[in-house]
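In: next come a sequence and a model predicted from it.
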Amino acid sequence: MLSASLSRLWFFWRGLTRLDRAALGVTLLYGLVWLGRGFKREIPFSRFIGFLFFLSLSYLLFRIAGWTRGRLLWSLRNRLIVAYVLIAVVPILLLIVMAALSTYLLYWQLGAYLLYEDIEKRIERLEATAETLAVSLTAEIAASPRTAALPASTRADLPGLQVELGAGQELLDRQGGPTQDHFAGIVQRGDKLCLRTVVARPTPTGRLLVSASVPVSSELMDSLAPELGPIQMVATRLATEGGPKGLVLPIGNQNFVRVAQITTRLRRLPPRTNFLDYEIGALSRLEAVLADPRPEEASSSPVLVSFSVRPSQLNRRLLRSLGEFAGTAVTTLLVVGIFFLVIEVAALVTGIVLTRTITRAVSDLYGATQYVQAGDLTHRVRIKRNDQLGALGESFNSMTSSISALIEEQRQRQRLENELSIAREVQEQLFPQALPSLPGIQLEAICRPARMVSGDYYDFIRLGPTRLGIALADISGKGISAALLMASLQAALRSQVQLDGRLSENTADVVSRLNRHLYLNTSEDRFATLFYAIYDTSSCTLHYTNAGHLPPLCLIGEKVCKLEEGGMVVGVFDNCTYEQGILQVEPGSLLLAYSDGMTEPENVYGEEFGVKGVLEVALRHRNAVPQVLAQTLMRAAEEWAGAAEQADDMTLIVARLG
């Protein structure tokens with residue numbers, strides 16, 4: 001177990017890059033720094049090591065994310081799940097979150113509006129009270145300030161209501177100057193808040209000021225906005241060195257100190273009506289006019305109001321204007337919501353089913369490829385649906401069947417190639433393994449098959465101390481059939497000239513017997529062209545018979561002789577008559593015998609190399625030894641064609657006579 005763990009750790013370490021190893025080293029070093037701090041020992045360059053650790057950790061997290069992404073998204077199922085989540089689930093979640101935030105903001109704004117509206121109504125009622133009192137006292141009240149009493153019903157509506165005569169001029173001056181005759185709002189004096197109005201009315205003796213105020217108390221706040229739950233109001237003042245001390249609240253670009261906190265006492269949140277009826281907490285801001293501002297303060301100070309509310313309470317307020325249609329509207333909204341939810345669930349289920357269909361088909365195909373990789377070409381993918389994935393499975397099955405057939409065909413071809421290779425080896429044994437050496441003659445022969453085996457045949461048969469038989473044949477067709485006929489021709493020729501000594505003197509008789517042999521032992525469409533010659537080195541005489549073969553060339557001095565005496569091709573008709581030609585050669589004469597593969601190569605313009613090309617090359621290199629001349633002729637024919645593959649067998653015999 002330990003060795004296996006160490007082996008896995010070693011392979012893991014070998015798979016890391018140099019940068020990975022450096023990042024891990026920095027991480028381990030920072031671990032030592034952290035341990036040193038635990039033991040209250042400061043390690044040198046700890047801050048620099050911490051910076052390097054931050055860079056290393058970022059790099060390692062990036063690498064781990066890439067590795068995790070590669071491993072996670074390798075499977076098509078995981079890719080489709082991620083794509084489905086990003087395309088379908090994430091937008092829905094974002095819409096839900098957006099709807100929840102919008103709903104929260106709506107309820108927040110509605111709750112703040114209800115609270116603000118109720119405070120404004122109380123201020124308007126307070127202002128109306130002051131207006132009424134000012135009108136009734138204009139002709140009767142003297143200019144000296146005193147407190148006036150009000151009925152108990154008015155004090156119940158505005159708990160703690162106080163009325164002063166002749167007070168509040170400073171608020172009017174701050175509002176608009178000496179000519180201002182009206183003020184209404186929230187006023188803060190020290191740590192006290194109140195709702196206050198000041199009304200000025202001209203009198204015959206001067207100006208009457210009526211000030212009405214209601215302290216912001218728990219009793220007043222309990223009566224505000226009954227739809228809301230507990231309410232809390234916080235009065236603040238600008239935080240200065242000589243100012244009040246308390247909890248500092250950053251508001252805007254300035255710091256303020258909490259100087260007072262008023263909360264409701266009798267307000268409680270009602271119980272939840274449904275599972276979505278959560279408590280909503282909200283915050284709002286009001287402005288209070290400072291009655292005793294310090295020089296460094298502005299004329300007003302923020303008042304923070306926090307409250308909690310349940311959506312069901314605000315919904316009742318929202319739907320109150322619909323009357324008896326409120327239930328219908330809510331029911332319609334719920335039905336539409338349930339309908340949308342059903343559609344979403346159906347879409348989710350459909351997406352999952354389609355995803356599983358795709359991933360299952362791909363998984364089957366992947367499993368089938370594993371069978372193919374293991375060499376089992378009999379495995380087939382089950383086709384479950386008539387769709388594109390099913391067509392893909394059918395294509396895979398068809399492909400594996402085709403591969404199996406191709407492999408079998410390849411095996412057959414390999415066996416055939418092996419057999420052809422053996423046939424080529426056998427055929428090479430039929431050609432002369434060593435050129436005969438006779439005084440007065442130099443020989444060279446080349447045979448280049450167009451395929452594995454050749455249909456051309458050449459041979460040298462020693463008939464005595466001074467005589468040599470030279471044979472060159474071109475079998476009709478190519479491949480195995482031509483090679484078999486070539487072997488038959490070779491066996492027949494050798495057996496006849498070696499068993500019957502009389503045939504070594506007359507080439508026409510030899511060709512005549514070969515013609516009859518091929519005619520009797522081959523089909524009508526099989527034949528061969530044949531050139532057979534006997535050269536006597538003692539008399540420098542060449543006896544030959546040409547049975548339909550390309551006339552060999554004999555270069556005697558400056559004269560070029562074509563060896564055409566003979567007859568038709570062998571193997572077509574029985575009892576054909578052939579003639580023998582006799583040529584007296586001079587010392588140094590050159591004999592060129594070749595198959596049509598030497599003359600038929602074409603260049604890019606469609607022009608054949610031809611006998612003319614063979615003759616031109618031979619004349620330019622007539623003084624070369626046969627080995628060099630033969631290679632030069634072969635190379636010239638190949639360069640003329642310029643093709644990698646040759647169209648026909650190319651066979652050439654070069655003999656220097658005399």
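Out: Structure's in. What do you need?
In: from here on, contacts and neighbour counts on C-alpha atoms
Out: Fine.
In: what secondary structure does A508 sit in?
Out: For A508, the assignment made with DSSP: H, G, I helix; E, B strand; the rest coil gives helix.
In: and it, what does it touch?
Out: For A508, the contacting residues are 544-545, 566, 578-580, by Cα atoms under 8 Å, 6 or more residues apart in numbering.
In: these in strands, which ones?
Out: Judged by DSSP state E, strands contain the following of the contacts of A508: 544-545, 566.
In: picking that back up, kindly indicate which of the contacts of A508 lies nearest G455.
Out: Minimum distance to G455 across the contacts of A508 is 20.1 Å, recorded for T545 (Cα to Cα).
In: now do the contacts for the closest residue to the closest one other than its chain neighbours.
Out: Spatial nearest neighbour of T545, chain neighbours left out: G566 (4.5 Å); criterion: Cα to Cα, 6 or more residues apart in numbering. Going by Cα under 8 Å, 6+ apart, G566 touches 508, 544-548, 578-581.
In: ChimeraX command for the buried members of the residues you listed?
Out: Of the contacts of G566, the buried ones go into a single ChimeraX selection, burial set by 16 or more other Cα atoms under 10 Å:
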select :508,544,545,546,547,548,578,579,580,581
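In: tell me which of the contacts of G566 is nearest to R360?
Out: Distance to R360 across those (Cα to Cα) is lowest for G548, with 71.4 Å.
In: next one: that closest one from V510, what distance?
Out: Counting by Cα to Cα, to the nearest Å, the gap from G548 to V510 is 15 Å.
In: next: R272.
Out: For R272, the distance to V510 - Cα to Cα - is 124 Å.
In: who has more neighbours out of these two?
Out: More crowded of R272 and V510, by other Cα atoms under 10 Å: V510, with 21 against 14.
In: farthest pair within the contacts of A508?
Out: The most widely separated members of those, counting by Cα to Cα, are Y544 and Y578 (10.5 Å).
In: pretty sure R424 is touching R451, no?
Out: No - with contact defined as Cα atoms under 8 Å, R424 does not reach R451; the gap is 9.6 Å.
In: about what we covered before: hey, what's the residue nearest to T545 bridged with?
Out: N546 (DSSP bridges).
In: how about the contacts of A508 in JSON lines, adding distance to V82 and pLDDT?
Out: Shown next, in JSON lines, are these (distance: Cα to Cα, whole Å; pLDDT from 0 to 100):
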{"residue": "Y544", "distance to V82": "88", "pLDDT": "94"}
{"residue": "T545", "distance to V82": "87", "pLDDT": "94"}
{"residue": "G566", "distance to V82": "87", "pLDDT": "92"}
{"residue": "Y578", "distance to V82": "89", "pLDDT": "93"}
{"residue": "E579", "distance to V82": "91", "pLDDT": "93"}
{"residue": "Q580", "distance to V82": "92", "pLDDT": "93"}
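In: how about D364, nearest residue that isn't a chain neighbour?
Out: V381 (6.6 Å).
In: any idea which element the one you found lies in?
Out: Assigned by DSSP states H and E, V381 belongs to neither a helix nor a strand.
In: OK, contacts around it?
Out: 364-365, 368, 393-394, 396-397.
In: among those, which ones are in strands?
Out: Judged by DSSP E, the subset of the contacts of V381 located in strands is empty.
In: helices - which of the residues you listed land there?
Out: Among those, the members found in helices (DSSP state H) are 364-365, 368, 393-394, 396-397.
In: SS state for A533?
Out: Classified using three-state DSSP, A533 is strand.
In: hmm, it is touching T545, no?
Out: Yes - the pair A533 / T545 is scored as a contact, 6.4 Å apart, by Cα under 8 Å.
In: shaky segments in the stretch 401-550 of the chain?
Out: Filtered on pLDDT under 70, the stretch 401-550 of the chain yields the residue ranges 419-420, 423, 426-427, 499-504.
In: repeat the analysis, applying 80 as the threshold.
Out: Scanning the stretch 401-550 of the chain for pLDDT under 80 picks out the ranges 416-431, 450-455, 477-484, 498-505, 524-525.
In: over to the stretch 1-150 of the chain?
Out: In the stretch 1-150 of the chain, residues with pLDDT under 80: 1-17, 20-21, 30, 32-51, 53, 60, 62-88, 137-150.
In: now do the domain split for the chain, please.
Out: With domains defined by automatic domain parsing, the chain comprises 15-72, 98-309, 431-657.
In: where exactly do the helices run in the stretch 51-200 of the chain?
Out: 76-84, 90-137, 152-157, 169-175 (DSSP state H, counting those that start in this stretch).
In: separation between the residue lying closest to F431 once chain neighbours are set aside and F527?
Out: Leaving out its chain neighbours, the residue that sits closest to F431 by Cα to Cα, 6+ apart is D459, at 6.4 Å. Here the criterion is Cα to Cα. By it, D459 lies 18 Å from F527.
In: quick one: A65 and L57, what's the gap?
Out: 12 Å.
In: who has more neighbours, those two?
Out: L57 (16 against 12).
In: ok, the more buried one touching Y30?
Out: No - with contacts counted by Cα under 8 Å, L57 stays clear of Y30, the gap being 10.6 Å.
In: for the helices of the stretch 51-200 of the chain, which one sits closest to M486?
Out: Going by Cα to Cα, the one of the helices of the stretch 51-200 of the chain nearest M486 is helix 76-84, 62.5 Å.
In: mind listing what's buried along the closest one?
Out: 76-77, 80-81, 84.
In: cool, and stretch 8-26?
Out: For stretch 8-26, the neighbour count (16+ other Cα under 10 Å) marks 23-24, 26 as buried.
In: distance between the ends of that stretch?
Out: 22 Å.
In: what does it contact?
Out: For stretch 8-26, using Cα under 8 Å, 6+ apart, the contacting residues are 49, 52-53, 56-57, 59-60.
In: and which of those residues is nearest to S306?
Out: Here the nearest of the contacts of stretch 8-26 to S306, counting by Cα to Cα, is L57; it sits at 43.0 Å.
In: residues contacting that closest one?
Out: Contacts of L57 by Cα under 8 Å, 6+ apart are 23, 27.
In: any chance you could map the strands in the stretch 551-658 of the chain?
Out: Counting by DSSP state E, counting those that start in this stretch, one finds strands in the stretch 551-658 of the chain at the ranges 553-556, 559-562, 566-567, 581-584, 589-594, 650-657.
In: picking that back up, any residues in contact with both of A533 and T545?
Out: By Cα under 8 Å, 6+ apart, A533 and T545 have these common neighbours: T507.
In: filter the contacts of stretch 8-26 to the buried ones?
Out: By 16+ other Cα under 10 Å, the contacts of stretch 8-26 give 49, 52-53, 56-57, 60 as buried.
In: mind putting these into TSV with distance to L224?
Out: Putting these into TSV (distance: Cα to Cα, whole Å) gives the following:
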residue	distance to L224
I49	60
L52	59
F53	57
S56	59
L57	56
L60	58
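In: which two in those residues are spaced the farthest apart?
Out: Across the buried ones among the contacts of stretch 8-26, no pair lies farther apart than I49 and L60, at 15.8 Å, counting by Cα to Cα.
In: reformat the contacts of G566 as a markdown table; add distance to V187.
Out: Formatted as a markdown table, these follow (distance: Cα to Cα, whole Å):
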| residue | distance to V187 |
| --- | --- |
| A508 | 146 |
| Y544 | 143 |
| T545 | 142 |
| N546 | 138 |
| A547 | 137 |
| G548 | 135 |
| Y578 | 145 |
| E579 | 146 |
| Q580 | 146 |
| G581 | 146 |
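In: of the contacts of G566, which is the nearest to F183?
Out: G548 (136.8 Å).
In: what residues does that closest one make contact with?
Out: Contacts of G548 by Cα under 8 Å, 6+ apart are 529-531, 566-570.
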